[in-house]
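Participant: let me see the structure of the following:
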Amino acid sequence: MGLLDSVLGSVLAGQGQGQGQSPLGGGLGNILGGMLGGGQQQQAPGGAGGGLNMGMIAALAPILMSMLANNSQSGGLGGLLNKFQQAGLGGAASSWVGTGENHPVTSDQVTQALGPDVIGNIAAQLGVGHADAAGGVAQLLPELIDKLTPHGQAPQGGLGSADDIVGMLGKMLGR
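Facilitator: Numbering: from 1, shown residues only. Just a heads-up that it's a prediction; the model follows:
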């Protein structure tokens, strides 16, 4: 099971939020939680930029999915991949879409590619520091893109809306 599966599975099964509330909220949390199943609450491998717990990383999922959506300010999947390419990280970004192993990126590289303002906005939404937000994005974005492009190609028309992305994850994970 990959990081995305274990992170979302543990948090969305109701173990990450004291009152059984998913950080993804309502329908999205229920759909992803059901798809991914449960697991143990634990620290993410590598500390995600210095200490993001699995719940915090799971809170990143809807933010990243909205960035990957066609109507996002970032230009959807194509726009994000282009930003990484312009930052000299095209090989890494291409590996996330391709069928081989995902090449990692660092929090500094994510900040360089997406810009400090974007990372700052993510940090503010999550209530964490810049380094933690960038570290979480560096861990989660490659795996999320990999799961959304299972055949090694980005869809020509993009990934669609955030709801379309959730639907694709559901189909891929057996629902």
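
Participant: buried ones in the strand or helix carrying V110, by neighbour count?
Facilitator: Assigning secondary structure by DSSP states H and E places V110 in helix 107-114. Within helix 107-114, the residues that count as buried by 16 or more other Cβ atoms under 10 Å are S107, Q109, V110, T111, Q112, A113, L114. Glycine gets a C-beta too; all of them are placed from N, C-alpha and C.

Participant: pick the one among those residues closest to D163.
Facilitator: L114 (23.1 Å; Cβ to Cβ).

Participant: so which helix or strand takes in the spatially closest residue to that closest one that is not a sequence neighbour?
Facilitator: Distance criterion Cβ to Cβ, 6 or more residues apart in numbering; nearest residue to L114, sequence neighbours excluded, is K83 at 6.1 Å. Per DSSP H and E, K83 falls inside helix 76-86.

Participant: so which elements touch that helix?
Facilitator: helix 54-68, helix 90-97, helix 107-114, helix 130-148 (3 or more Cβ pairs under 8 Å, 6 or more residues apart in numbering; DSSP states H and E).

Participant: can you flag the weakest of those helices by average pLDDT?
Facilitator: Lowest mean pLDDT of the helices and strands packed on helix 76-86: helix 54-68, a mean of 84.

Participant: what angle separates it from helix 76-86?
Facilitator: 100 degrees (axes from the mean of the first three to the mean of the last three Cα atoms, to 10 degrees).

Participant: which other helices and strands contact helix 54-68?
Facilitator: helix 3-10, helix 76-86, helix 116-126, helix 130-148, helix 162-172.
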